[in-house]
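Engineer: quick one: sequence and predicted model below, then my questions.
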Amino acid sequence: MTEPKYYLEIESTPNNLITVEEFVNYFSVELGLDQEKINGLLLSVTEATTNAIIHGNKNNKLKLVRISVFVENSTLTIKIKDEGKGFDPLIVPDPTDPENLLKDSGRGLYLMRVYMDGLSYNYTPEGTETILTLKI
């Protein structure tokens with residue numbers, strides 16, 4: 001891929017999630033997305049960033065989360081990269097199973113799958129990259 005069209009780098013603290021929301025709102029409006037797509041995108045990018053901060057970087061403010069946004073043809077690709085070791089998405093409990101309905105874990109991944117056209121992961125020696133794609 002080429003250079004990202006939009007880029008944001010934050011320290012790993014939940015206080016920075018408001019900056020992430022403003023960033024997503026900014027590029028979504030600039031790209032002309034409708035409100036429904038913006039809402040799903042906001043939720044998905046915020047969830048992925050929260051996972052990167054809490055699970056990936058373990059709330060370590062010295063570690064960064066990098067968000068790169070690419071627009072190619074009619075596809076929006078957002079890469080959220082942390083500096084963590086990664087995880088196996090297959091072992092995260094399904095939040096729609098009756099025994100998991102009251103648990104917090106797994107809900108973010110589920111919502112990302114619902115609102116995005118694609119959700120994948122890239123594990124590198126430098127960290128884990130969550131890749132969200134959306135047809136625009």
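Structural biologist: Now that the structure is in, tell me what you want to look at. On a predicted model such as this, the values are computed, not experimentally measured, just so you know.
Engineer: quick check: residue 66 touching residue 9?
Structural biologist: Yes. In this structure residue 66 lies within contact range of residue 9 using C-beta atoms under 8 Å: 5.1 Å. (C-beta placed from N, C-alpha, C; glycine too.)
Engineer: more neighbours, the two?
Structural biologist: The residue with more neighbours, out of residue 66 and residue 9, is residue 66; 18 against 11, by other C-beta atoms under 10 Å.
Engineer: specify the beta-bridge partners of the closest residue to the more buried one other than its chain neighbours.
Structural biologist: In this structure, residue 66 finds its nearest non-sequential neighbour in residue 81, 4.6 Å apart by C-beta to C-beta, 6 or more residues apart in numbering. Per DSSP bridges, the residues bridged to residue 81 are residue 66, residue 129.
Engineer: burial count for residue 81?
Structural biologist: For residue 81, the tally of surrounding residues (other C-beta under 10 Å) stands at 22.
Engineer: from residue 122, how far out is it?
Structural biologist: Residue 81 sits 8 Å away from residue 122 when distances are taken as C-beta to C-beta, to the nearest Å.
Engineer: and for these two, which residues touch both?
Structural biologist: Counting by C-beta atoms under 8 Å, 6 or more residues apart in numbering, the shared contacts of residue 81 and residue 122 are 128-129.
Engineer: the residue nearest to residue 66 reaches residue 63, doesn't it?
Structural biologist: No. Residue 81 is beyond contact range of residue 63, at 10.7 Å (criterion: C-beta under 8 Å).
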